[in-house]
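A.B. asks: Sequence and predicted structure, then a few things I'm wondering about:
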Amino acid sequence: MHSGVATATTAELLMRSRFSAFAVGDEAYLLRTWHPTTRPREVDFDRKQKWTRLEILGKSGGGAFHTEGTVEFRAHFTYRGQPDSLHENSRFVRDEGQWSYLAPL
């Protein structure tokens, strides 16, 4: 997905691929999969923060036949060597047939 050869078929797959993009600093992929109405100009990566693991806690909609969905997740990271996590429930929508990240709920 990061290379553009394939696209996410569900909101959860897009969430997983975006987490991976954060982990490796793939700004182009993150911006490409961000909905145009909420997309920032750039992604501000903090090099002291290392994303380590993603837990999917729940989801609604977001399947192959849906037009929107949510994914609740916990993203684990270390910041300056200290473990922490981010808990979010994110909203995804189809934009021109492709899943895109819209915003947190």
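C.D. replies: Noted; the coordinates are in hand.
A.B. asks: from here on, contacts and neighbour counts on C-alpha atoms
C.D. replies: Noted.
A.B. asks: Which parts of this structure are strands?
C.D. replies: With strands called from DSSP state E, the chain shows them at 49-61, 68-79, 82-95, 98-104.
A.B. asks: Strand partners (parallel or antiparallel) of the first one?
C.D. replies: Okay, so that is strand 49-61. If you go by DSSP bridges, strand 49-61 pairs up with strand 68-79 (antiparallel).
A.B. asks: One more: the third one?
C.D. replies: Paired with strand 82-95 in the same sheet, following DSSP bridges, are strand 68-79 (antiparallel), strand 98-104 (antiparallel).
A.B. asks: S3 is nearest to which of these?
C.D. replies: Nearest of these to S3, taken as CA to CA: strand 98-104 at 15.1 Å.
A.B. asks: If you count neighbours, what's buried in the closest one?
C.D. replies: Neighbour counts over strand 98-104 (16 or more other CA atoms under 10 Å) mark Q98, W99, S100, Y101, L102, A103 as buried.
A.B. asks: can you list contacts of that strand?
C.D. replies: For strand 98-104, contacts defined as CA atoms under 8 Å, 6 or more residues apart in numbering pick out 7-11, 14-15, 33-35, 37-38, 88-94.
A.B. asks: Pull out the buried residues from those residues.
C.D. replies: For these, buried by 16+ other CA under 10 Å: 8, 10-11, 14-15, 33-35, 89-94.
A.B. asks: Need the pLDDT of the spatially closest residue to H2 that is not a sequence neighbour.
C.D. replies: Excluding the flanking residues, the one nearest H2 by CA to CA, 6 or more residues apart in numbering is Y29, at 5.8 Å. pLDDT, Y29: 98.
A.B. asks: Pull the contacting residues for Y29.
C.D. replies: Shown in contact with Y29 (CA under 8 Å, 6+ apart): H2, R18, A21.
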